[in-house]
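> Sequence first, predicted coordinates after that:
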Amino acid sequence: MPRIGVFVCQCGNNIASTVDTAKVAEEMKDMPGVVYTADYKFMCSSPGQESLKETVKEHKLDGIVVAACSPHMHEKTFRKACEKAGLNPYKCEIANIREQCSWVHHDETKKTGTIKSIDLTRMTLERLKRNKDLTKISIPITKRALVIGGGVAGIQAALDIADGGRDVILVEKEPSLGGNMAKLSETFPTMDCSQCIMTPKMVEVELHDRITLYTYSEVEKVDGYIGNFTVTIRKKARFVDEDLCTGCGDCWNKCPFKIDSEFEHGLTKRKVIYTPFPQAVPNIPVIDKENCPKIQKDKCGACALVCGPECIDFTQEDKIVTEDVGAIVIATGFDLMKNSKFAEYGYGKYKDVINGLQFERLASASGPTAGEIQRPSDGKVPQSIVFIQCVGSRNEEKGVSYCSKICCMYTAKHTMLYKHKVHDGQSYVFYMDIRAGGKRYEEFTRKAIEEDGAMYLRGRVSRVYEKNGKLVVQGADTLSGSQVVIEADMVVLATALVSRDNAADLAQKLGVGYDKHKFFSEYHPKLKPVETVTGGIYLAGTCVGPMDIPESVSMGSAAASKVQALFSADMLDREPITAEVAEATCNACWDCVTACPYTAIDRTEIKNRKGEVVSMVARVNKGLCTGCGTCVAACRSKTIDLAGYTDEQVYAALNAF
Amino acid sequence: MSELKNIPYYPGCTLNTVAKHFEDSAKESAETLGFTLSELEQWNCCGASYPLSPDNIMGLTGPAKVLFEASKAGESVTTLCSVCYNVLKRTNKTVHDDKEKRETISTFIEADYDGSLEVTHYLEILRDTVGFSKVKESVTRPLKDIKIGAYYGCMLLRPFEDVGIDDHEAPTIIEDLFKALGAKPVDFPNKIECCGAHLAVGGKEGDDVVKQLSTCVMRSAVGSGVELIVTSCPLCQYNLEQSQEKAVKEVSGYNAVPIVYFTQLLGLALGQDEAKLGFEKNVWDARPLLKEREV
């Protein structure tokens, strides 16, 4: 016979005003298995907990029911108290008679509240009788982290984790660190030079003892679970020996072949053997194998002839490396939407219609024009520029429904950069709304308008076309209600930020969620903004959605702190509320595998003594299982049960109702 | 291309009357290219506009009836007039996608039609079924680099998710055809702007709007060096010609250019008798230009 104690809390007047707690306790006294009952003013108070502990010991209780507030409030408190009194904490159950009873019943005679409380407590009691002793699951942790993406968010996360004394693997798909931020000229609202603040961080990563840097590499596969991931990384062939190369540049100076530079967004050319930009980290070139005549048809090879250290190897192949890590930070960044969707603006048709990142390169001191604003078509300094905002953003029909958030700010910045460089130039901005929420942001856009003379026109542009060497911009000014035609020398499109092409692919490899725009989903948009639903995988930067540099950096640091917290213990304790498979009855239909949102169920072989496979069964990975119970509902053979919430417990509670 | 032989064809009202030369030249060209436009046995007016209010089903019954008739003739129906194309295609989509409206319409027109028909424009047949390369092979009188301005107007292109025979902001289908015919298409900014459409019959105020819009189109074309404008819609044709008449009277130094249906030049390039192509019906005769270029 069990020895159960029932403690009914009055919660001051919170419960006692509509529930007769003494009566509830009294009623429970006669229930089979109950050896002790009491009601008390505040069970959660120190004296309340002390009396609970003493009672457990004194009456040799083997289980307790606390009829009180929601288990979200104090289940932990009472379970801890039980543990201290020598009782298995999972032998303590909470009956919620506050949020689900006293707070919703206003009957001052306490009749309904009391009856319902008795029901709820009795149900919990029956449930408790079938509770088993559970022990927390302990998982070892590999205290190394993987950061995917070497833009500012990934760099921040990597440095913070490494500075905290943990090893970091940083994987970047491009030949150099830097991401989109390395392309920017100056940053709003402080106008500090992007590369000046970015490149030192890139170098810091390269020099950091605890960071292993894989550039020109991609994550191919991820296995395992929180604390215990195995990551397969493809190191794409650089055709240059990284250990021998000194970055002297003889090879790319010699290379006779030129291709549109990706880093400069086609504004200038790069060689076939190249580093994306002069401050590249690492300063080791790669050969673009698609365009290299030596690799494609064994012609040329000039780079190898001039290479002093003889580090060019045309036969190099991709290398596959595996790394064990305990946590992963995804920071893969954003792309700009393809402008080809917006033929009305003439991008691609007219050379002087460019996108925001191209303007950044034109304005950048290290850009193709050394920071002088020149038209791509003829190199002339434009006397007027039209900036068109919301190209694709807030446009569900042709683009995306969301606001890209940073364009209002960077367009204001562009007008200022332009004015500072071309004093007699006039800029026009077509906008929908000026969204300048952020510290010193509103002041910044006002400055663009009031001090730097940007002409802001509230309305959309219908067409851009060329006439006599000018770009004619036809638009509406909705504030004056008139049609506007502006003849400009250049047009800059503030194109929508979108997720990376392969974002969905990566999300599936990692088992994390993504939204319809292929941005990665946070566990909770407010309270868990850097976690994903998969334990041990965190998010940072614009792979989550459009955001500016400060936010990306904050997320990088926040993700790093989550990783640090995870790594602070040697073993990871997890709640033992997990699914369990009774392997004898599993008929291997794999419905559970399909149903599990956390990819926590594996197909496992059962072998006989000779090592022959005799059957296949589902097996739950306790490290990944969150105890959501989806598989239990899906299991047709009633093979899966949820520890702490077994079918038997649930039916017993219902029968007691 | 054997399935090409007979293509069900819906003329619409104007093609049998004021734009007869549009129809004749198209039919004749079809024969040269190896197919026949077979006029539907029974047809009525398409209604000439698609009802924009969601609960106005009445306006859909006319085109639905046409589509029903066409479904008896084959799996597709083709048109020459851009407005008919627009109305039929959108009605077809509505009937196909909206079960409730489909049932109401069926009850009213006393015929079952499920929207499975394919509505095409003649230009699409030339591009997608015949192929512009085949057209090019069939050319016997190349257009000798005449600077053609392709005027699309709205109805071939918008709304793009329902109609769009090409990129709705930067279409090239007519230019591509004329390249095949040996002409030299010239891009001009207003080629997809509205001509004013039915406002032409809207009294003085409507007339002013048409004048303003069509004059913009004409000026944009002429200003870009266009020597001849081609259209694919009787209403566009009418509006552009009318506006040009006024422009000639009111704007000094305005250089009028011929405005013709694209099929008239198609027929010419394919070697049809110039006298049968209806050039005399155009307000501005294209023949002097053609003669000058020795086409």
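Looks like it arrived, so ask away. Here the structure is a predicted model, which is why all the values come from computation and not from measurement.
> Break the chain into its domains for me.
Using chain A here. A:4-129, A:144-330+A:541-567, A:334-498, A:575-655 (automatic domain parsing).
> My question was about chain B, not that one.
If you go by automatic domain parsing, chain B breaks into B:2-122, B:139-292.
> what about those, which gets the closest to chain A?
domain B:139-292 (3.4 Å; CB to the nearest CB). For every residue, glycine as well, the C-beta is placed using N, CA and C.
> Give me the mean pLDDT for that closest one.
In this model, domain B:139-292 has an average pLDDT of 92.
> Now do that domain: distance from first to last residue.
End-to-end span of domain B:139-292 (CA to CA, to the nearest Å): 19 Å.
> Pull up the distance across stretch A:456-469, start to finish.
24 Å.
> mind checking how far it is from the chain centre?
Mean C-alpha position of stretch A:456-469 versus that of the full chain (CA atoms, centre = their mean, to the nearest Å) differs by 38 Å.
> now do stretch B:120-134
14 Å.
> Please spell out which residues along it are buried.
Buried residues in stretch B:120-134, counted by 16 or more other CB atoms under 10 Å in any protein chain shown: B:T120, B:H121, B:Y122, B:L123, B:E124, B:I125, B:L126, B:R127, B:T129, B:V130, B:F132.
> helices or strands next to the host helix or strand of the fifth one in the packing?
In other words, B:E124. Using DSSP states H and E, B:E124 falls within helix B:122-124. Using 3 or more CB pairs under 8 Å, 6 or more residues apart in numbering or on different chains; DSSP states H and E, the elements in contact with helix B:122-124 are strand B:76-79, helix B:173-180.
> contacts for the helix or strand following it?
If you walk from helix B:122-124 toward the C-terminus, the next helix or strand you reach (DSSP H and E) is helix B:132-138. Residues outside helix B:132-138 that contact it (CB atoms under 8 Å, 6 or more residues apart in numbering or on different chains): B:T32, B:L33, B:L126, B:D176, B:L177, B:K179, B:A180, B:L181, B:L266, B:L270.
> In JSON lines, list the helices and strands packed on helix B:122-124 along with distance to chain A and mean neighbour count.
Shown next, in JSON lines, are those (distance: least, CB to the nearest CB, whole Å; neighbours: other CB atoms under 10 Å in any protein chain shown):
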{"stretch": "strand B:76-79", "distance to chain A": "25", "mean neighbour count": "24"}
{"stretch": "helix B:173-180", "distance to chain A": "13", "mean neighbour count": "22"}
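> out of the ones you listed, nearest to B:S25?
Across those, B:S25 has its closest neighbour in helix B:173-180 (13.6 Å, CB to CB).
> Residues contacting the helix or strand just after that closest one, please?
Sequence-wise, the next helix or strand downstream of helix B:173-180 (DSSP H and E) is strand B:184-185. Contacting residues not belonging to strand B:184-185 are listed as B:D145, B:I146, B:K147, B:I148, B:G149, B:A150, B:I174, B:E175, B:F178, B:K179 [CB under 8 Å, 6+ apart].
> can you do 10 Å?
B:143-150, B:172, B:174-179, B:191, B:225-227, B:230 (CB atoms under 10 Å, 6 or more residues apart in numbering or on different chains).
> so when I look at A:R446, I'm seeing a strand, right?
No. A:R446 is assigned helix when assessed by DSSP: H, G, I helix; E, B strand; the rest coil, not a strand.
> Helix or strand: which one has A:D119?
Assigned by DSSP H and E, A:D119 falls in helix A:111-129.
> name the helices or strands packed onto that helix?
strand A:4-9, helix A:21-29, strand A:63-68, strand A:92-96, helix A:647-655 (3 or more CB pairs under 10 Å, 6 or more residues apart in numbering or on different chains; DSSP states H and E).
> where does it sit relative to the chain's centre, distance-wise?
On CA atoms, centre = their mean, the centre of helix A:111-129 falls 42 Å from the chain's centre.
> Over to stretch A:236-250?
33 Å.
> Pull out the buried positions in that stretch.
Quick answer for stretch A:236-250 (16+ other CB under 10 Å): A:K236, A:A237, A:R238, A:F239, A:V240, A:C245.
> Could you list the contact residues of the stretch 401-550 of chain A toward chain B?
A:S462, A:R463, A:V464, A:Y465, A:E466, A:K467, A:N468, A:V472, A:Q474 (CB under 10 Å from any CB of the partner chain).
> and the residue of the stretch 351-500 of chain A nearest chain B?
Nearest to chain B in the stretch 351-500 of chain A, going by CB to the nearest CB, is A:Y465, at a distance of 3.6 Å.
> in chain A, which ranges drop under the pLDDT threshold?
Applying pLDDT under 70 to chain A flags no residue at all.
> The residue most central in space within it pairs with what?
The C-alpha lying nearest the average C-alpha coordinate of chain A belongs to A:L539 (CA atoms, centre = their mean; 2.4 Å). On the basis of DSSP bridges, A:L539 is bridged to A:I330.
> what about it, distance to B:A150?
According to CB to CB, to the nearest Å, A:L539 stands 49 Å off from B:A150.
> ok, now A:T445?
42 Å.
> Ok, A:V306 next?
53 Å.
> what sits against the residue nearest to A:P309 when sequence neighbours are not counted?
Residue nearest to A:P309 in three dimensions, not counting chain neighbours: A:L244, with 4.6 Å by CB to CB, 6 or more residues apart in numbering or on different chains. The contact partners of A:L244, by CB under 10 Å, 6+ apart, come to A:I284, A:C307, A:G308, A:P309, A:E310, A:C311, A:I312, A:D313.
> and if you look at A:L213?
So A:L213 contacts A:147, A:150, A:158, A:168-172, A:177, A:202, A:205-206, A:281-282 (CB under 10 Å, 6+ apart).
> top of those by neighbour count?
A:V147 (35 neighbours; other CB atoms under 10 Å in any protein chain shown).
> Where does it sit: helix, strand or coil?
A:V147 ends up strand, using three-state DSSP.
> got it, and A:D39?
Assigned with three-state DSSP, A:D39 falls in the strand class.
> number of nearby residues for it?
With other CB under 10 Å as criterion, A:D39 counts 22.
> hey, what's it bridged with?
Bridge pairing for A:D39 - DSSP bridges - gives A:V8.
> if I look at it, how far off is chain B?
From A:D39 over to chain B the distance is 62 Å, taken as CB to the nearest CB, to the nearest Å.
> For that residue, give me its contacts.
A:6-10, A:15-16, A:19-26, A:28, A:67.
> which residues touch the one helix or strand A:I606 maps to?
Per DSSP H and E, A:I606 falls inside strand A:601-607. Residues outside strand A:601-607 that contact it (CB under 10 Å, 6+ apart): A:579, A:581, A:583-584, A:586, A:588, A:590-596, A:611-621, A:624-625, A:631, A:640.
> For the residue of the stretch 551-657 of chain A found nearest chain B, which residues are in contact?
At 31.9 Å from chain B, A:T594 is the closest residue in the stretch 551-657 of chain A, using CB to the nearest CB. Counting by CB under 10 Å, 6+ apart, A:T594 touches A:I601, A:T630, A:C631, A:A634.
> Skip ahead from the helix holding A:D119 and say which helix or strand is next.
strand A:137-140.
> helices and strands around that following strand, which ones?
strand A:571-574.
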